[in-house]
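**Student:** Structure for the following, please:
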Amino acid sequence: MSVQKHRTKDQLGRILEIDRELDRIKDIDLLLERLLKLARREANADAGTVYIREGDDLAFAHTQNDTFQSKLKPGEKLVYSKFSVPINDKSISGFVANHEAMLNIPDMYAIPDEAPYSFATTFDEKTGYTTVSTLTFPLISTDGDLLGVMQLINARDAKGRFVPFHAEDEPFFEIFARLGTKAIQRAQMTRNLLETITRFAGLRDPKETGAHVNRVGAYSMEIYEAWANRKGIDPELRDKNKDVLRMASMLHDVGKVGISDTILKKPGPFDDEEYLVMQSHTWLGARQFVTDSDLNLCAQEVALRHHENWDGSGYPGKIGDLFEADRFIHKEEKRPEGLQGDEIPLYARIVSIADVYDALSSKRVYKKAWSEEDVLKVIEEESGKKFDPELVEIFLQVLPNLRIIRNRYPDESE
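**Tutor:** Numbers count the residues shown, from 1 in each chain. Next comes the predicted model:
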C-alpha cells in the first residue's frame, strides 16, 4: 500500500471516530470546546479559535492555546474577552466567512500587500506570542448557511517548532468541518429547546432569564469539573457528566410554571401556607423527568433537591412518592425532615451554590446586584450550613472561570 493510500485510510478511520465522538456531546459549549481540541489534535496545532455567526458578525466563542495553558496552574483556564469580528474581507476570519472558503497561510508576517485581508499583530505584541501559520475554514450547514469559522494557529513539527499547515490535509478539514457543522446544528437545537422551556418559567418568574439559566448551567459544569479532577474521576466519564449536568441545571426551576402568579410574583414575604406552595416547585419540576435517560435522571435530581441544605434545614426533604407530595402543601402531614450532608445528591449541591451565586450577583427589578465581596461573604458564611463545605472550597478555586462565564452570558440590561 502506498504512503498516500495508507494516509487516506488512516484519516478515514479518524473521521469515523470523530463523528462518533461528536454525536455523544449534546451541549453547544462543550461541543465547541471539544471540536476545537479535536481539530488541533489532527493538525498538531498549538492554538485555535472558534467563532459563531451572529448576524453580520463572527462572535468569539472559544479559544485554546497550549503555550499559554502550560504556564497556568492545574485547573486554571485561559482568560479571554468577549468580542466579535465583522464578516468582511479585512480580517482573515471575516474573509473566510465572507467567501466561505478555506485559507491556509504559511507565514502570517509575509502576507502580500495586495491581499484583501491583513493580520493584526496586536495580540502578538501584547503577549509575546509569535503567530506563524494559520489554517482557517468556514463551518457551513447542509442547507448552505454559514454557522461560524474555525481558525487553527501554529502547526507544530515533531520537535515542537511552529511550521506551516500541510496543504494535503486541507481535504480532511473540509470533511471535518461538515461533521462539525452537523454537530453544532444539533447542539444549537438542543440549547434552543432548553431555553424555550426556561422562557416558559420566565413568563411566571422574572428571575428565570435565559442569561441566568445559562450562567447557572455553565457555573455548575465548572464546579463539577474541578470536583471530578480532585476525585480522580475518569476523564471520559467526567466529560459525559459535564454534558448532562450543563443541560439539567438549566431546568432546575422549571417547576415554577406550576405555581400561581399570586404567590410567585408576590412583592412581600410569604406566609406559612404560601411558602409551602412555593416549595412545591421542586417536585412539580421533578415530575416532568420520569424516563430513565441520563439527562432526565439528572434533571429530576437537580429540580427536586437544589433547595436542600447541608445542615438539613432545606426542602422538600423526605417526601416519599413524587406524585403524592402535594399533601404537604395542605398541611395534611408534618413538614418532612430535610436531607442533609451527603444525602443530598452531588449535582443538586453544586447547582445550589451556582444558583445562589448568580441570583445575588444579578440585578433584578426588586433589587440591585450585590458586590462580589458581599456575595462571597454570604457563600463562605453558609459553608457547612446551606452549602457543602468542600464544594464551597472548589467554588472559590474556580471563581476566575466563573467571572469569564458571567461576561459570556450578560443580562440584557448590561
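
**Student:** From here on, just use CA atoms for contacts and neighbour counts.
**Tutor:** Fine.

**Student:** Am I right that residue 46 is in contact with residue 161?
**Tutor:** No: using Cα atoms under 8 Å, residue 46 is not in contact with residue 161; the gap is 9.8 Å.

**Student:** For these two, indicate the residue with more neighbours.
**Tutor:** residue 46 (21 against 10; other Cα atoms under 10 Å).

**Student:** Please determine how far the more buried one is located from residue 153.
**Tutor:** 6 Å (Cα to Cα, to the nearest Å).

**Student:** Let me know the next secondary structure element after the least confident helix or strand in the chain by mean pLDDT.
**Tutor:** Across the helices and strands of the chain, mean pLDDT, DSSP states H and E gives its lowest value to helix 3-23, namely a mean of 74. Next helix or strand after helix 3-23 toward the C-terminus (DSSP states H and E): helix 28-43.

**Student:** what's that next one packed up against?
**Tutor:** helix 3-23, strand 45-54, strand 57-65, strand 146-156, helix 170-204 (3 or more Cα pairs under 8 Å, 6 or more residues apart in numbering; DSSP states H and E).

**Student:** Need the winner for burial among the ones you listed.
**Tutor:** Highest mean neighbour count among these (mean count of other Cα atoms under 10 Å): strand 146-156, with a mean of 24.

**Student:** Mind giving me the packing neighbours of it?
**Tutor:** Using 3+ Cα pairs under 8 Å, 6+ apart: strand 146-156 touches helix 28-43, strand 45-54, helix 92-99, strand 134-140, strand 162-163.

**Student:** so how far is the longest one off the chain centroid?
**Tutor:** Here helix 28-43 is found 14 Å from its chain centre; the criterion is Cα atoms, centre = their mean, to the nearest Å.

**Student:** Now distance to residue 280 too, for the helices and strands packed on helix 28-43, in JSON lines please.
**Tutor:** Listed next are the helices and strands packed on helix 28-43 as JSON lines, based on distance: least, Cα to Cα, whole Å:
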{"stretch": "helix 3-23", "distance to residue 280": "36"}
{"stretch": "strand 45-54", "distance to residue 280": "39"}
{"stretch": "strand 57-65", "distance to residue 280": "37"}
{"stretch": "strand 146-156", "distance to residue 280": "41"}
{"stretch": "helix 170-204", "distance to residue 280": "14"}
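
**Student:** Quick one, which of these gets closest to residue 312.
**Tutor:** helix 170-204 (27.3 Å; Cα to Cα).

**Student:** which residues are contacting the helix or strand just after the closest one?
**Tutor:** As assigned by DSSP H and E, the chain's next helix or strand after helix 170-204 is helix 210-231. Defining contact as Cα atoms under 8 Å, 6 or more residues apart in numbering, one finds that helix 210-231 is touched by 75, 195, 198-199, 238-239, 242-243, 245-251, 347, 350-351, 354-355, 358-359, 391, 394-395, 398, 401-402, 405-406, 409-411.

**Student:** Just the buried ones among those, please.
**Tutor:** For the contacts of helix 210-231, a neighbour count by 16 or more other Cα atoms under 10 Å gives the buried set as 195, 198-199, 238-239, 242-243, 245-251, 347, 350-351, 354-355, 358-359, 391, 394-395, 398, 401-402, 405-406, 409.

**Student:** Could you list which of these belong to helices?
**Tutor:** Judged by DSSP state H, the buried ones among the contacts of helix 210-231 include 195, 198-199, 238-239, 242-243, 245-250, 347, 350-351, 354-355, 358-359, 391, 394-395, 401-402, 405-406 as members of helices.

**Student:** tell me the most buried of the helices and strands packed on strand 146-156?
**Tutor:** Buried most deeply of these, by mean count of other Cα under 10 Å, is strand 134-140, with a mean of 26.

**Student:** Now do it and strand 45-54, the angle between them.
**Tutor:** 30 degrees (axes from the mean of the first three to the mean of the last three Cα atoms, to 10 degrees).

**Student:** could we number from 11 for the rest of this?
**Tutor:** In the new count, where the first residue is 11, that last one comes out as strand 144-150.

**Student:** export strand 144-150 as PDB, just CAs?
**Tutor:** The C-alpha trace of strand 144-150 is given here as PDB (Å, rounded to 0.1, in the frame of the first residue of the first chain):
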ATOM      1  CA  THR A 144      -3.000  29.600  10.300                       C
ATOM      2  CA  LEU A 145      -5.500  27.300   8.700                       C
ATOM      3  CA  THR A 146      -8.900  29.000   8.700                       C
ATOM      4  CA  PHE A 147     -12.100  27.300   7.400                       C
ATOM      5  CA  PRO A 148     -15.800  28.000   7.400                       C
ATOM      6  CA  LEU A 149     -18.400  26.000   9.200                       C
ATOM      7  CA  ILE A 150     -21.300  25.700   6.700                       C
END
